[in-house]
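Visitor: The sequence and its predicted three-dimensional model are supplied below.
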Amino acid sequence: MNNIKAANRINQIEEYYFSIKLKELDKLRKQGKSIINLGIGNPDMAPAPNVLAQLNAQSADKNNHGYQSYVGIPELREAMSNWYSRFYDVDIDASSEILPLMGSKEGIMHITMAFLNPGDSVLVPNPGYPTYASASKIAEAKLISYDLDENNAWLPNLNELEQLDLSKVKLMWINYPNMPTGSNADRDFFKQIIAFGKKHNIVICNDNPYSFILNDSPQSIMNIEGAKDIAIELNSLSKSHNMAGWRVGMAISNPTFIQYILRVKSNMDSGMFKPLQLAAVEALSLEQDWYDSINKEYLQRRALVHDIMDLLECKYDTSQSGMFVWAKIPSQYSDSGSLSDKILYGCDVFITPGFIFGGKGQQYIRISLCTKQETLIEAKQRIEKLSKQ
């Protein structure tokens, strides 16, 4: 057995940071520590009551428990198309330009496998969601990291990218509203990035799960003329509808790109549980007051997180979107890990260190808004007590 080696691609990736950290937090809890986890963006509020009622009703139907189509039921594709029309002002052909996914994280891997050969290059943001890099490594592609900088509103510097050798680049990951920084992109940027993709024949992938959280104007890159020719957008019900564990996402693009992704997807799963799909149809029909209600809670939580960041003497932009607050740490800390460890081992509160998102996150921390107000108040009191010692 010792002579059996893992595939080379496994040697290029490590276990996901939060998978490792959650084990550590569980170990500390077993030691009697009352750990408050302010790290992961795991929505703690429930989906809308009518969505839950639909799931229960459809699950009771004995005919709804078989294998389903790889492309999703027509009702779900139509609901996704209507959702894009209502909130993003984008017309999508439900029969050919939408592919329902079992979560957008899976979509990152499907897209990577559909477009990248070993040795192809991919542009990955720093800081950025770690899965973009890990999926590219699994595909044995060459990563070209591009920096996002606070002084450029956390947007790619396209002039700098133009100076690179882009001849082997086939794919570029962007993510707006951005995680982890909370920054937004405007229409002018989307126009520029679409033009950049067309100029260099690079598929532009916008990962867009946060556009309804603390964001007055949800945007889609698909609203830009010509975007479907070169772009793919991933979206999800995880954050916008408090359905993270349901694993309902979507890819939006032109019919050719959708077919490429489907070839991968259809060999990796056996379709989504039909009652989940029908409940997702219900969720996608919710009106603006649903989004307003969850954002009202997130606003109150964000105010408490700002208080925590102030206690830690961190600097942050009050206009961030999404379910996190991203902040620059004081200069007395060598990096974000040292501050995170101080808080964890000093008062049993876990805050995500920014280094996990890349080197450009070394001097930043991130706090999730997916924590009840009373728990945030408790965390604030613990940190305040620690700061006085």
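Guide: Right, received. Where do you want to start? Owing to the predicted nature of the structure, the values given are computational and were not obtained by experimental measurement. Numbering: from 1, shown residues only.
Visitor: Can you give me every residue that contacts the nearest residue to Ser95 once chain neighbours are set aside?
Guide: Sequence neighbours aside, Arg77 is the residue nearest to Ser95 in space, at 7.0 Å (criterion: Cβ to Cβ, 6 or more residues apart in numbering). For glycine as for every other residue, the C-beta is placed from the backbone atoms N, C-alpha and C. Applying Cβ atoms under 8 Å, 6 or more residues apart in numbering to Arg77 gives the contacts Val71, Ala94, Ser95, Ile98, Pro100.
Visitor: Can you name the residues bridging to the last one?
Guide: Bridge pairing for Pro100 (DSSP bridges) gives the partners Met250.
Visitor: is it fair to say Cys205 lies in a strand?
Guide: Yes - per DSSP: H, G, I helix; E, B strand; the rest coil, Cys205 lies within a strand segment.
Visitor: Do I have it right that Lys168 meets Asp120?
Guide: Yes - here Lys168 reaches Asp120: they are 5.9 Å apart, a contact under Cβ atoms under 8 Å.
Visitor: all strands for the stretch 51-200 of the chain, in order.
Guide: Ranges of strands within the stretch 51-200 of the chain are 98-101, 121-126, 142-147, 169-174, based on DSSP state E, counting those that start in this stretch.
Visitor: show me where pLDDT drops low in this structure?
Guide: The model of the chain has pLDDT under 70 over residues 1-2, 13-16, 18, 389.
Visitor: change it to 80
Guide: Across the chain, residues meeting the criterion (pLDDT under 80) sit at 1-3, 5-22, 24-25, 28, 40, 387-389.
Visitor: Nearest spatial neighbour of Tyr84, chain-adjacent residues omitted?
Guide: With Cβ to Cβ, 6+ apart, the residue lying closest to Tyr84 is Val90, at 4.5 Å.
Visitor: residue contacts, the spatially closest residue to Asp317 that is not a sequence neighbour?
Guide: Closest residue to Asp317 in three dimensions, ignoring its sequence neighbours and counting by Cβ to Cβ, 6+ apart: Gly182, at 7.0 Å. Neighbouring residues of Gly182 by Cβ under 8 Å, 6+ apart: Asp317, Gln320, Ser321, Gly322, Phe324, Val325, Trp326.
Visitor: Just the ones in strands from these, please.
Guide: Judged by DSSP state E, the subset of the contacts of Gly182 located in strands is Phe324, Val325, Trp326.
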